[in-house]
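Undergrad: turn this into a structure:
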Amino acid sequence: MVGFWFPYWWLIIPAILLGFYAQSKVRSTYREYSRYTTRSGWTGAELAAEILRRHGLERVPVERTQGQLTDHYDPRNQVLKLSQGVYDSKSVAALGIAAHESGHAIQHSKSYVPLALRNTVYPVASFGSNLGPILVIVGFLFGTADFLITAGIVLFAFAVLFSLITLPVEFNASNRAMRILDETGVMTSSELAGARKVLSAAALTYIASALASVLTLLRLILLSRR
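TA: Now for the predicted structure:
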């Protein structure tokens, strides 16, 4: 709440509004296309395993993970994890998400440069996203601690870089997914259109996150000049 009353708090309002809209869009689109079962009858887990097999990635296991929309590829352990609503589901949404996460595994196997760069930046970005703003606020309160403000801005800049690199990584994974779904023939044209809507809605959340990080960095820079 202290940070809210600092100057320039209004800068992040567009990102907050877009973030709320993106989350709402993801949930509603996922819910809608989770009701439609594909004609192929494949489950998300079966499709992911088949995609990995076709790309010579049989060593990558497909596992269940807790929660909803918690699907992800773990590059450290080389494991593809699908939420319960995707792993066993035969829905349009499930197959779209499973193909998208498989796309990340393919990126990793091909040493896709943006993904490799994102994995390299992640440790500093994770640290900087939490500590950066705190250092700026502390330096701002003390008034003479300019080095803290500079350090905070530099650290948070890594978080911004991470969010920006995430965009091509996610867009590329979705493009790979749609191409794979089309080539494998596991979806009809109308089902492909539904899967595209699910992945497009998910992409909007990454855009909102990137916008939020950029505007927050701008706010920290403006604060440092006061």
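Undergrad: quick one: Leu217 and Ile153 touch, right?
TA: Yes. Leu217 lies in contact with Ile153 (Cβ atoms under 8 Å); the separation is 7.2 Å. To be clear about C-beta, it is placed using only N, CA and C from the backbone, and glycine gets the same treatment.
Undergrad: so who does the residue lying closest to Ala99 once chain neighbours are set aside touch?
TA: In space, not counting the residues next to it along the chain, Ala99 is nearest to Ala177; the distance is 3.7 Å by Cβ to Cβ, 6 or more residues apart in numbering. Each residue near Ala177 by Cβ atoms under 8 Å, 6 or more residues apart in numbering is listed here: 96, 99-100, 102-103, 195, 199.
Undergrad: top of these by number of neighbours, please.
TA: Neighbour counts for those, by other Cβ atoms under 10 Å, peak at Gly96, which reaches 31 neighbours.
Undergrad: from Tyr33, how far out is that one?
TA: In this view, Gly96 and Tyr33 are 7 Å apart by Cβ to Cβ, to the nearest Å.
Undergrad: what's the weakest-modelled helix or strand in this structure?
TA: Using mean pLDDT, DSSP states H and E, helix 2-5 stands out as the lowest-scoring helix or strand of the chain, at a mean of 44.
Undergrad: and the next element down the chain from that one?
TA: helix 13-33 (DSSP states H and E).
Undergrad: same for that following helix, what does it pack against?
TA: Judged by 3 or more Cβ pairs under 8 Å, 6 or more residues apart in numbering; DSSP states H and E, helix 13-33 is in contact with helix 92-109, helix 189-224.
Undergrad: against which helices or strands is the last one packed?
TA: Pointing back at helix 189-224 there. helix 13-33, helix 92-109, helix 113-142, helix 146-184.
Undergrad: deepest-packed of these, please.
TA: Neighbour counts (mean count of other Cβ atoms under 10 Å) averaged over each of the helices and strands packed on helix 189-224 peak at helix 92-109, with a mean of 26.
Undergrad: now do that helix, average pLDDT.
TA: Across helix 92-109, pLDDT averages out at 97.
Undergrad: again, but for stretch 15-24
TA: 93.
Undergrad: contacting residues around it?
TA: With Cβ under 8 Å, 6+ apart as the criterion, stretch 15-24 contacts 201, 204-205, 207-209, 211-212, 215-216.
Undergrad: Val62 against Leu47, yeah?
TA: No. Using Cβ under 8 Å, Val62 is not in contact with Leu47, being 9.4 Å away.
Undergrad: looking at the two, which one has more neighbours?
TA: Leu47 (28 against 22).
Undergrad: the nearest residue to the more buried one once chain neighbours are set aside and Asp71, how far apart?
TA: Spatially, and ignoring its direct neighbours in sequence, Leu47 is nearest to Ala98 (4.9 Å; Cβ to Cβ, 6+ apart). Taking Cβ to Cβ as the measure, Ala98 falls 8 Å from Asp71.
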